[in-house]
Every structure is written in structure tokens, then in C-alpha cells.
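Undergrad: below are the sequence and a predicted model; questions follow.
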Amino acid sequence: MKVLIATQKPFAKVAVDGIKEILEGAGHEVALLEKYEGQADLLKAVADAQALIIRSDKVTPEVLAAAPQLKIVVRAGAGVDNVDLEAATKHGVVVMNTPGQNSNAVAELAVAMMIYMSRGQFTPATGTEIQGKTLGIQAFGNVGRLVGKKAEALGMKVKAIDPFLPAEKIIEGGAEPVESVEALYSGSDFVSVHIPATPQTVGSIGYDLISSMPKGATLVNTARKEVIDEAGLEKALEERQDLKYITDVAPDNYAALKEKFGVRIFATPKKMGAQTAEANINAGLAAARQIVDFFATGNTRFQVNK
Ligand code: 3PG
């Protein structure tokens, strides 16, 4: 089978080499499309592919229509908001992710972001410490749980909420469950967001939640920019000179916000949560193994469009 690795933001070379070794070792052919400019390049490259490995690359109905032989797409990572799952199902294409494989990288970034903001973005101004502060984790999945463990080790008090987990599971994961998202925001010096971007969550974090945070609080977003209601965020930051926001991937109007709010806001220039050699290797190799297994045995364990 022909497997296309299509990554606008490439994997580390060591990960690409490992992916190739697994796929070619199982008799598959590998094509590589990295740092491509626009969708036209992807449309051309998928024409004869039976399998596709992507990161945040968009798999739209047009991409699926241009790939008549495609059987499987594996998103090397967690979030599948970049794949049109309904269209994939219509085309008979199995979509999988590689849950947990890049979680530690994202969790480390979330912790780093808390410290970076507490220290005024590493300016000489007197900062604050995260030890003794309360961290609220919004969604206690693979990343959220790891953030909680690391924060606890740094002396933070950790609270969490997850619509899909009962309180016992949150306690088992080492955090104190809270009864509502509102209580999480109003009771946390830091909130770390780990919800996926879905029709239910897009724009769900806005003025009311952000402005309910305690004095000096920081919102940390290593999830998706789309879950933030940017107008609400701006209003909250305008009204409350003590609030801060840090995010992995800039809001749409970042330049204007940065101008207005200075060291109270920061956005990475490119999504970098999962951009470590380890995460690239873990997620990339898992994707390759899942494809080999799918063609060899029909295993669809990580299918997300069932
Ligand atoms: C994910 O959903 O796994 C992360 O956001 C990583 O995305 P990336 O592979 O584009 O860095």
C-alpha cells in the first residue's frame, strides 16, 4: 500500500525515519509531503495514496474526494477537529488518532506557560511563584492528568472537571473534583484548558468564565484557539488589569491584543505543544504501527469515526 505522510509542520527526522522503517518493513511504500504551502499540493499527493498520516493538516471533503484509493487516515496526535469525520465515513475511510502519545509534551508546555506568565514573561519585574497556588484543569484526559501530576509535584493545589469522568476518577487521578466549570474558574489562580474543539465547545470560554477568575489569575490554553470566545477574552482583559492569558497558537487578533495587554498576554508563533522529538517519535511511530496493523489484521481500535 502507498502511505503518504503529509505534514505542514514536519515531524523530526528521527521520527520520519522510524515511521518509514516500520511501514517499509511491512512492505508498504512511503511518500513524504512536508511543509506544503496550500491544499493543492495535498490534493495532488493523495491521489494514489491508500493511507495518510497527518498532524494538524486539514482533511476536508475535497481531500477525500481527491483520494479515491484512501482507506485510512491516522492523525498522529489527539485532536481530530482538522478531519471532516462525516465526510471520511461517507467515503468509507477509517480515521484514527494516537491518543496519549504526545500528551507529555503538551503537559510540559502547560506547566512552562504557567511559570513564564508568573515571571512576567521573563522580564526583571517581580513575579510570583506557582507553589501554593490553585490550578484548575478543564478536562481531565491524557494531557490534563499529566498537567495535574506535574503541578502537584511543584506544590500546587489541583482541581479538575471533566464532563465524561465521574468524581471518583478525578480523585483517582490525584485532583479534587469541582461541581461545575463556573466553580473551576472562580476558584483557580490558573486554569489549564484541555477540551477538544467540537461544536459544543467552540467559543465556550468567554467573558463570564474569564472575568470570574480570582485576582491575578492566568488562563492557559494548550488546547485549541477556537474554544475561546476572543471578544469575551478581550473584554475581560480590558476590565481586569490583573488577568493574564497564554496560548499555544495565537488568537485571530493577536497583534492588537499584544499591543493592548503587553506582558499579560502571550501566544506561541506556531502550535508547539507536541513539537518535541519524543512526541514526534511516539505519535509518528504509533501512527505507522496502527496502519500496518489495520492492513494486516483489520484492527480499528483507535478509530474515531465509528
Ligand atoms: C494534538 O491534537 O495532538 C496536538 O494539538 C498536536 O498537534 P500537532 O501535531 O499539529 O502539533
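TA: On my side now, so go ahead. It should be emphasised that the depicted structure is a prediction, and the values quoted were computed from it without experimental measurement. Numbers count the residues shown, from 1 in each chain.
Undergrad: which residue does the stretch 1-150 of the chain bring closest to the ligand?
TA: Gly77 (2.5 Å; C-beta to the nearest ligand atom). The way it works is simple: take the backbone N, C-alpha and C, and place the C-beta from them, glycine included.
Undergrad: shouldn't that residue be within a helix?
TA: No - read with DSSP: H, G, I helix; E, B strand; the rest coil, Gly77 is coil and lies in no helix.
Undergrad: please tell me I have it right and it contacts Ser103.
TA: No - using C-beta atoms under 8 Å as the test, Gly77 is too far from Ser103 to be in contact (9.6 Å).
Undergrad: how near is Ala231 to Phe266?
TA: Using C-beta to C-beta, to the nearest Å, Ala231 is found at 19 Å from Phe266.
Undergrad: between these two, who's got more neighbours?
TA: Taking other C-beta atoms under 10 Å, Ala231 and Phe266 do not tie; Phe266 has more neighbours (19 against 12).
Undergrad: so which strand or helix has the more buried one?
TA: strand 265-267 (DSSP states H and E).
Undergrad: over to Val14?
TA: Short version, using DSSP H and E: Val14 is in helix 13-25.
Undergrad: list the buried residues of that helix.
TA: Going by neighbour count (16 or more other C-beta atoms under 10 Å), the buried part of helix 13-25 is 15-16, 18-20, 22-23.
Undergrad: how about stretch 216-225?
TA: Applying 16+ other C-beta under 10 Å to stretch 216-225 flags 217-225 as buried.
Undergrad: farthest pair in those residues?
TA: Greatest spatial distance in the buried residues of stretch 216-225: Ala217 and Arg224, 20.6 Å, computed using C-beta to C-beta.
Undergrad: would you turn the buried residues of stretch 216-225 into a markdown table with distance to Thr60, secondary structure and pLDDT?
TA: Output for those, formatted as a markdown table (distance: C-beta to C-beta, whole Å; DSSP: H, G, I helix; E, B strand; the rest coil; pLDDT from 0 to 100):
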| residue | distance to Thr60 | secondary structure | pLDDT |
| --- | --- | --- | --- |
| Ala217 | 38 | coil | 98 |
| Thr218 | 35 | strand | 98 |
| Leu219 | 30 | strand | 98 |
| Val220 | 30 | strand | 99 |
| Asn221 | 25 | strand | 98 |
| Thr222 | 25 | coil | 98 |
| Ala223 | 22 | coil | 98 |
| Arg224 | 17 | coil | 97 |
| Lys225 | 19 | helix | 96 |
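Undergrad: ok, back up a step: list the helices and strands the strand holding Phe266 packs on?
TA: helix 103-118, strand 244-247, helix 254-261 (3 or more C-beta pairs under 8 Å, 6 or more residues apart in numbering; DSSP states H and E).
Undergrad: buried ones in the longest one, by neighbour count?
TA: By neighbour count, with 16+ other C-beta under 10 Å as the criterion, the buried positions of helix 103-118 are 103-111, 113-114, 116-118.
Undergrad: can you check stretch 134-151 too?
TA: Here stretch 134-151 shows 134-148, 150-151 as buried, counting by 16+ other C-beta under 10 Å.
Undergrad: stretch 88-95 now?
TA: 88, 91, 93-95.
Undergrad: same thing with stretch 240-251?
TA: Buried residues in stretch 240-251, counted by 16+ other C-beta under 10 Å: 240, 243-251.
Undergrad: quick one, strands of this structure?
TA: Assigned by DSSP state E, the strands in the chain fall at 2-7, 29-34, 51-54, 72-75, 94-97, 134-138, 157-161, 176-177, 190-193, 218-221, 244-247, 265-267.
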